[in-house]
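Visitor: Requesting a structural model of the entry that follows:
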Amino acid sequence: MGWLVWVLVAIGLGVGEVLTPGLFFLGPVALAAVAAAVVSALGAGSVFSLLVFIVGSLASLAILSGATGRIAQVGSIFGGHHWVGISGPVVTLGLLLLAVRTAMTRTFDRPFAMGLAVYAVVTLVAGRLAVTSAWVDWAGIILKR
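Guide: Presented below is the predicted three-dimensional model:
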């Protein structure tokens with residue numbers, strides 16, 4: 001029965017992808033929901049299916065970020081550096097998962113919330129720093145240019 005929930009989540013995300021042109025981040029997350037549905041249908045528990053969904057979402061969005069980072073027009077579409085534009089949905093998805101988990105278990109997952117907060121801060125700092133000359137200088141030192 002858990003697989004059906006994941007199929008419905010995938011369908012909802014797919015519909016959201018179609019209804020929000022230009023925000024192509026729901027499609028990769030829908031693919032992660034399909035992976036979670038397959039794992040659940042094969043008999044995995046709900047916790048493992050959720051883990052597959054989270055890891056699949058992050059992996060697909062990371063691939064999307066890497067691919068779109070090579071397209072010059074992406075900065076104007078997402079309103080800035082592509083790390084911030086692509087990581088925004090990841091943070092939003094994390095907040096949604098935290099809210100759902102808190103509502104379902106009636107307990108607050110402090111380690112997850114702290115990890116999500118650190119991820120958000122690091123993403124914002126890296127996104128802001130990546131467009132400065134200091135970033136280029138540090139990269140030159142690290143890569144020994």
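
Visitor: what stretches of the protein score poorly on pLDDT?
Guide: Where the chain drops to pLDDT under 70, the residues are 21-24, 62-89, 126-131, 145.

Visitor: please redo it, this time with the cut-off set to 80
Guide: Applying pLDDT under 80 to the chain flags the ranges 1, 19-26, 58-59, 61-95, 119-145.

Visitor: what about the helices in it?
Guide: 2-19, 26-41, 46-68, 74-78, 82-105, 110-129, 133-143 (DSSP state H).

Visitor: Would you format those helices as JSON lines with mean neighbour count included?
Guide: From N, CA and C alone the C-beta is placed, and that goes for glycine too. Listed next are the helices of the chain as JSON lines, based on neighbours: other Cβ atoms under 10 Å:
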{"stretch": "helix 2-19", "mean neighbour count": "15"}
{"stretch": "helix 26-41", "mean neighbour count": "21"}
{"stretch": "helix 46-68", "mean neighbour count": "16"}
{"stretch": "helix 74-78", "mean neighbour count": "15"}
{"stretch": "helix 82-105", "mean neighbour count": "16"}
{"stretch": "helix 110-129", "mean neighbour count": "13"}
{"stretch": "helix 133-143", "mean neighbour count": "10"}
